[in-house]
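>>> sharing a model that was predicted from the sequence below.
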Amino acid sequence: MGNGEARVRGFAARAGGWSARHRWAAVGIWVLFVVLAVGLGSAAGRVDVKDSDQLKGETHTAARIIEDAGIDEPAGETVLIQAGDGGLKATDAEFRDAVTAVVRAVEETGRVTDVTSPYDTKTISKDGRSALVQFDMRGAADTAGERVEPVLKAVEGVQKDHASLRIEEIGGASMMKTFDDAFGDDFKKAEYSAVPVAFGILLIAFGALVAALLPVALAVTAIMATMGLMGIVSHLQPMSDTANSVMLLVGMAVGVDYCLFYLRREREEREAGHDAQTALRIAAATSGRAIVVSGVTVCVAMAGMLFTGLAEFEAMGLASLMVVAVAMVGSVTVLPALLSLLGERVEKGRIPFLRRRKPGARQDSQFWTAVLRRVLARPVIAVTVAAGALLAITAPALGMKTQQLTLDQEFGDSLPIVQTYNRLNDAFPGGSEPAEVVVKADDINAPEVKSALADFRDRAISSGASRGPVEIKLHDTQNVAFVYVPLVGGSDLDRAGVSLDKLRDEVRPATLGRVDGVEAPITGQVAGSKDFNDQLAGAVVPVFAFVVVFAFLLMLLSFRSLTIALTSIVLNLLSVGAAYGILVAVFQHGWGASLVGAEGVGAIITWLPLFLFVILFGLSMDYHVFVVSRIREARLRGLETKDAIRHGVVTTAGVVTSAAVIMVAVFAIFGTLSMQSMKQMGVGLAAAVLIDATIIRGVLLPAVMALLGERNWYLPKWLHRLPDLTHDEAPRAIVAGPAARDDEGEPLKV
C-alpha cells in the first residue's frame, strides 16, 4: 500500500486527526488545562482525610468523640529507666536518683507537661528492674517531632550521669523525629528519581533525546494537572499524602507507557515508508485506540477502591483514576499535535552509539521471534509449563497472613529506637502501644461512671487482658475519659488481638456497658489493625467482583469476542496471584528476602493485597490490550490466526519490553526504601509487571490463543447487538492474503 490517506474512524482516530490538523490549538488547550488545574488547585487548597474518617467501627467512633469534644491529644513520650540483670532495683537510692533526674531534666526544657513518676503511677516492671517516666509534649501532636530534640538531649544528659543504668526515650514525638531524620527523604528521593530513571530507559529505547523527552513531558504535565485537580476534588472527597504518592507512581507508569505505545507505532509506520501524516493517522487509529481501551479499563479497576469504604483507599482510587484519565486524554490529543509539529525533528539529539534503524527495516524482536517459534510449535507444552510455574509461584499465597506491621517489623533493628521499643515491650507487655478506651458520658464525674471506670481498670487486669498498669486520664470539661490499657501480647498482634477481644466482649459489657448513656469505644494500634482488617475483608468481594465484571464487559465490547474477554480475565488473575505468592514467600516466610534487601517479617501489610489487585489488574491491561489489538488488527487484514499471533507479539515486543522495564524500574525504586511496607509494595508491583510482560504476554497469551484458533473470535449470536467499539483500526494490508472471515464464512468487519 502506498502513502495514500487512510480512512479511520473512532474517538482516538478523530481526536488524533483533529489535533494533527489544529496543532497549536491542541498544544495551547493542553497547556491552558494544566495551568488552570494547577492554579485552581493551589487556590482551593487540599483537604486531607481526617482521623475520624479513616476507619469505620469502634476506631471511627472513638475518633469522632475526640474530635467532637475538641480534644487535641498530645504526643505522649516515655523514658525507660532500666537496670541490667542482677543490678539495681527501682527501690534502690541510685535508681530513684536517676528517676528524679529524668523528671527534673525534662521539666526544665519547658517543652513538656504532665510529667509523672513511676512511683506515683506504679509503672514499675514485675522484676523491679525497669520503670517508666511518662509525659506529654506541649503543642500539636503532628508537629511534636520538630520540638522534641531538647527533651531527647536532656535525657541523654541524664544517661551520661548514670552509666550503670539504661535510660532511653521513646514515644510519638521521638519516633517521628527519628524516622524523619532516617527516612524523611526516602519518599522524595524515590519520587524524584522516577523521572530520570524513566527518561534514561526511554533514551536507550528511542536513541534520540527529543523522542525520549516527549513521554516524560506528557507524564509530568499529566501529574501536575492531576495534583491541581486533587485539590479541587478534595473538597468533596478528602485526599492524603499517600494518595499523592500513589498518584505519582501510577501517573508516571501509565503516562510514559501510553505515550510510548503511540510514539513507537508512529515511528514504526514512518520507518515502514509512510509519510508523516499517514503514519500519524495509523498510530491514532491503532495505538490510540489501544490507549483509550486500556485507559478506560484501568480507570474502572481504580474505581474499585471506591467500594472499600476506607477513606484512604477511596482517596488513592480517585487520585489514580484521575491521573490515568488525564494521561489517556493527553496521549490521544496533545501528543499527535506535538508529533505533527516536530515531524522528523522528533529524531533530534540522537545518541551516537545507538544505531538508527533504516526505513523499511524489520522491527520484529529476534528474541521473541525465537521464543514464539517454540511456543506456537508446541502450545500445549507451553501452556502446561507456564501455567504450572505461575500456579507454583502462587501457591504460597494460600497461607497469606495480613496485619498492620509493628515498629520492629517495619524497620527491623536498624534504629536504636526500635531496640528501645522491644525492651519496653519485654518489660511492660503492650506498654508501647496500649489499647485506648475513649469513654464519653453525660457527667464523667458521676459516681456510677467513676465506679465503672475503676471496675473496668480492675477487671482488665483480673481477666488476663492486661498486666497493668491501667492509666485513667479525665477531661472533666468535655466529660470524656481516656483509659490506657497495655495489652497482654504486646507487639505480637495475634496475642494482643485476643486480649482486645476480652476487653471488648467481656470486660466492657460487665463494667462501662452497664451505665446508661456511656459510650466506650476501644481504639489504639491493635484495635485499629483489627477494625481495618475486618472492614477490608468485607470489601474484598465487592471490589473483586466490580473490577472483574467491568473489565470483562469492557474487553467484550472492545474486541467483540467472548473468548478474548474471558482469557484476559484469567491471565490477569494468574499475574496477580503470582505477585501474591512472591510477596508471601519473600516477606512472610523470608525466602530470598536478603536478595531484595528485605526481611521475613511474618506478615503482609494489611492494605497491600487489595491495593495490588486493583493496581495490577488495571496496569496489566495496558500490555494485554496493546498486544491483542495488534493481533486482531493482523487477523482482520487477512493473516491466519497463528500468523496474526506471531505478528502481533513480535512487533509489539519492543514497546512492551521498554514499557515493562520502565514500570519495573520505577516500582523497584520503592522496593529500595527502608520501610518494609514500601519494600513489599515495590517488590510486589515490580515482580507482577515483570511476570506479566514476559510469561503472560510472551508465552501464555500466544500459546492459549494458538490452541483456541478461530475460537478466539467467537461471539454468540445473541451478543451481536452489543455496541461495536472495534472499528478503529486503519485498513492497511499487512501482507497479501485473503480477507479474514468469521466462523460462518462472512468477511470480518473492520
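Nice, I can see it. Numbers count the residues shown, from 1 in each chain.

>>> how about the nearest residue to Gln404 once chain neighbours are set aside, what does it touch?
Nearest residue to Gln404, sequence neighbours excluded (CB to CB, 6 or more residues apart in numbering): Ser529, at 3.8 Å. C-beta here means a position set from N, CA and C on the backbone, and glycine is covered the same way. Residues in contact with Ser529 (CB atoms under 8 Å, 6 or more residues apart in numbering) are Gln403, Gln404, Leu493, Gly497, Thr606.

>>> gap between the fourth one and Trp607?
In this structure, Gly497 and Trp607 are separated by 18 Å, where distance is defined by CB to CB, to the nearest Å.

>>> and these two? Which one has more around it.
Higher neighbour count among Gly497 and Trp607: Trp607, with 21 against 18, using other CB atoms under 10 Å.

>>> pretty sure the more buried one sits against Gln535.
No - in this structure Trp607 lies outside contact range of Gln535 using CB atoms under 8 Å: 10.8 Å.

>>> mutual contacts of those two, please.
Residues touching both Trp607 and Gln535 by CB under 8 Å, 6+ apart: none at all.

>>> please enumerate the strands of this protein.
In the chain, the segments counted as strands under DSSP state E are 76-83, 112-116, 130-137, 165-171, 402-403, 435-440, 471-475, 480-485, 522-523, 604-605.

>>> who does the last one pair up with?
What it means is strand 604-605. Strand 604-605 pairs in its sheet with strand 402-403 (parallel), by DSSP bridges.

>>> got a list of contacts for the partner strand?
Contact with strand 402-403 is made by Leu493, Asp494, Ser529, Asn533, Ala603, Ile604, Ile605, Thr606, Leu608, Pro609, as judged by CB under 8 Å, 6+ apart.

>>> now swap in stretch 376-391 and tell me
374-375, 574-575, 577-578, 642, 645-646, 691, 695, 699-700, 702-704, 706-707.

>>> roughly how far does the nearest residue to Val689 once chain neighbours are set aside sit from Met305?
Nearest residue to Val689, sequence neighbours excluded (CB to CB, 6+ apart): Met663, at 4.6 Å. From Met663 across to Met305, the span is 19 Å (CB to CB).

>>> just Gly128 next, same as before
51 Å.

>>> and these two? Which one has more around it.
Set side by side, Gly128 and Met305 show more neighbours around Met305, with 29 against 14, by other CB under 10 Å.

>>> how deep is the residue nearest to the more buried one when sequence neighbours are not counted tucked in, by neighbour count?
Nearest residue to Met305, sequence neighbours excluded (CB to CB, 6+ apart): Gly317, at 2.8 Å. Gly317 is flanked by 27 other residues according to other CB under 10 Å.

>>> contacting residues around Gly317?
Contacts of Gly317 by CB under 8 Å, 6+ apart are Met302, Ala303, Gly304, Met305, Leu306, Thr308, Val614.

>>> make it 7 Å
Gly317 makes contacts with Met302, Ala303, Gly304, Met305, Leu306, as judged by CB atoms under 7 Å, 6 or more residues apart in numbering.

>>> do you have the helices of the stretch 1-150 of the chain handy? List them.
For the stretch 1-150 of the chain, the helices defined by DSSP state H, counting those that start in this stretch occupy 11-21, 23-44, 51-54, 57-69, 93-108, 118-121, 149-161.

>>> from the contact counts, what lies against the fifth one?
On a contact count with 3 or more CB pairs under 7 Å, 6 or more residues apart in numbering; DSSP states H and E, helix 93-108 meets strand 76-83, strand 112-116, strand 130-137, helix 149-161, strand 165-171.

>>> how about 10 Å then?
strand 76-83, strand 112-116, helix 118-121, strand 130-137, helix 149-161, strand 165-171 (3 or more CB pairs under 10 Å, 6 or more residues apart in numbering; DSSP states H and E).

>>> using a markdown table, lay out those together with distance to Val233, mean neighbour count and mean pLDDT.
Conversion of the helices and strands packed on helix 93-108 to a markdown table gives the following (distance: least, CB to CB, whole Å; neighbours: other CB atoms under 10 Å; pLDDT from 0 to 100):
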| stretch | distance to Val233 | mean neighbour count | mean pLDDT |
| --- | --- | --- | --- |
| strand 76-83 | 35 | 24 | 91 |
| strand 112-116 | 39 | 16 | 91 |
| helix 118-121 | 47 | 15 | 88 |
| strand 130-137 | 34 | 24 | 91 |
| helix 149-161 | 38 | 17 | 92 |
| strand 165-171 | 36 | 23 | 91 |
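
>>> could these be laid out in a markdown table, adding distance to Thr651?
Supplementary listing: the helices and strands packed on helix 93-108 in a markdown table, determined by distance: least, CB to CB, whole Å:
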| stretch | distance to Thr651 |
| --- | --- |
| strand 76-83 | 62 |
| strand 112-116 | 68 |
| helix 118-121 | 73 |
| strand 130-137 | 62 |
| helix 149-161 | 60 |
| strand 165-171 | 59 |
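
>>> out of those, which comes closest to Val586?
Evaluated with CB to CB, the helices and strands packed on helix 93-108 place strand 165-171 nearest to Val586, the distance being 29.3 Å.

>>> elements contacting the closest one?
Strand 165-171 packs on strand 76-83, helix 93-108, strand 130-137, helix 149-161, helix 172-183, helix 416-427, going by 3+ CB pairs under 10 Å, 6+ apart.

>>> how about those in a markdown table, adding distance to Ala37?
Formatted as a markdown table, the helices and strands packed on strand 165-171 follow (distance: least, CB to CB, whole Å):
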| stretch | distance to Ala37 |
| --- | --- |
| strand 76-83 | 41 |
| helix 93-108 | 48 |
| strand 130-137 | 39 |
| helix 149-161 | 39 |
| helix 172-183 | 30 |
| helix 416-427 | 41 |
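
>>> mind checking which of these is nearest Arg46?
The nearest among those, by CB to CB, is helix 172-183 at 20.8 Å.

>>> what subset of the contacts of strand 402-403 is buried?
Leu493, Ser529, Asn533, Ala603, Ile604, Ile605, Thr606, Leu608, Pro609 (16 or more other CB atoms under 10 Å).

>>> ok, so of the residues you listed, who is nearest Asp72?
Ser529 (23.8 Å).

>>> where's Gly490 relative to Thr606, distance?
Counting by CB to CB - Gly490 and Thr606 are separated by 19 Å.

>>> I'd assumed Val485 was in contact with Ala520.
No - using CB atoms under 10 Å as the test, Ala520 is too far from Val485 to be in contact (11.6 Å).

>>> quick one on the thing from earlier: I'd like the distance between the residue nearest to Val689 and Ile282.
26 Å.

>>> again with Leu453
76 Å.

>>> which residues do Ala520 and Val485 both contact?
Contact criterion CB atoms under 10 Å, 6 or more residues apart in numbering; residues shared by Ala520 and Val485: Val437, Phe456, Leu503.

>>> ok, and the most crowded of those residues?
Top of the shared contacts of Ala520 and Val485 by neighbour count (other CB under 10 Å): Val437, with 29 neighbours.

>>> quick one, what contacts that residue?
Val437 touches 58, 62, 453, 456-457, 460, 470, 472, 481-485, 503-504, 507-508, 512, 520-524, 527, counting by CB under 10 Å, 6+ apart.

>>> make it 7 Å
Counted by CB under 7 Å, 6+ apart, Val437 has contacts Val483, Val485, Ala520, Ile522.

>>> tally of neighbours for the first one?
Right, Val483. Counted with other CB under 10 Å, Val483 comes out at 23.

>>> not counting sequence-adjacent ones, nearest residue to it?
Val437 (3.9 Å).

>>> try the third one
In space, Ala520 comes closest to Leu512 once its chain neighbours are excluded; the distance is 4.3 Å by CB to CB, 6+ apart.
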